[in-house]
Structures are given as structure tokens and as C-alpha cells.
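Engineer: Structure, please.
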Amino acid sequence: PKKFNALNLPMVRSLSPIYSNWILPESAVKCILMEGAGEKAFCAGGDVADVRTQLLEGGSLPQDFFYEEYQLNHKIATAYGEKGIIQISVWDGVTMG
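Structural biologist: This next block holds a predicted model:
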């Protein structure tokens, strides 16, 4: 909630295996309901401040973040087409990205 639930690498790494399990052929998941923490925002998009800081410091976070985030985006975007999983997001406050 401090950064309006900005998506960061630990969040991506937390969500990715969960989605991987949900989209397995043997999974019984039919619907995914997502809510943001707190009352100010569902998600403010990627944590660009952290990515920028790490880029300026020469860290690998920018490459790691975008590589892993787009893999997660693919899982989210294809869950319905490939598995028929309906996704519902409860937006409360700021929603971007």
C-alpha cells in the first residue's frame, strides 16, 4: 500500500508460480478473484522508481523484472483462452499499468 501496490519483482515471483499451478490441465480452478491490499489502490503499475534506481546502479533488476513480468502477463492473458479461467479484479482506488 505504501507505493499504491506498485508491482515489483518479489510480487511477480510470488504470483507467477500461483498462476502456473492454476493453469495446469489438471487444475480445477474456474475463476480467479484479485483484490489489491489497502484502500488507496488496486495497482499503480510497475514499480518504475525501483527499476530506475537499479538501472542507474547497474543492477540486473530491470532486465529480470521485465522478463519475468511479461512471462506472468502471458499467463494472465491466456488463462481464459487456454483453460477457460474467468478473471475478476476488484478495483478500489488507483488502477494503472
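Engineer: For Val48, see how far away Thr78 is.
Structural biologist: 25 Å (Cβ to Cβ, to the nearest Å). Every C-beta, even on glycine, is put in place using the N, C-alpha and C of the backbone.
Engineer: Looking at the two, which is more packed in?
Structural biologist: Val48 (16 against 12; other Cβ atoms under 10 Å).
Engineer: Contact partners for that one?
Structural biologist: Listed by Cβ atoms under 8 Å, 6 or more residues apart in numbering, the contact set of Val48 reads Ala6.
Engineer: And it, its phi and psi?
Structural biologist: phi -70, psi -30 (degrees, to the nearest 10).
Engineer: can you give me the helices in the protein?
Structural biologist: 9-22, 48-56, 61-83 (DSSP state H).
Engineer: Quick check: end-to-end length of stretch 88-95?
Structural biologist: Counting by Cα to Cα, to the nearest Å, you get 14 Å between the two ends of stretch 88-95.
Engineer: and the most centrally placed residue in the chain, what pLDDT?
Structural biologist: Centroid-nearest residue in the chain, with Cα atoms, centre = their mean: Val12, separated by 5.2 Å. Val12 is assigned 96 on the pLDDT scale.
Engineer: again, but for the one 10 residues further on
Structural biologist: As predicted, Trp22 sits at a pLDDT of 96.
Engineer: Name all residues that make contact with it.
Structural biologist: Going by Cβ under 8 Å, 6+ apart, Trp22 touches Val29, Ile32, Ala79, Lys83, Ile85.
Engineer: Just give me the neighbour total for the last one.
Structural biologist: In terms of burial, Ile85 registers 18 neighbours under the definition other Cβ under 10 Å.
Engineer: State the distance from it to Ile76.
Structural biologist: Here the distance between Ile85 and Ile76 works out to 10 Å (Cβ to Cβ).
Engineer: Specify the stretch among the helices of the chain that is closest to Trp91.
Structural biologist: helix 61-83 (15.3 Å; Cβ to Cβ).
Engineer: Report the contact partners of the closest residue to Gln87 other than its chain neighbours.
Structural biologist: Nearest-residue entry for Gln87: Ile32, 4.6 Å, with adjacent residues in sequence omitted and distances by Cβ to Cβ, 6 or more residues apart in numbering. Counting by Cβ under 8 Å, 6+ apart, Ile32 touches Trp22, Ala79, Ile85, Ile86, Gln87, Ile88.
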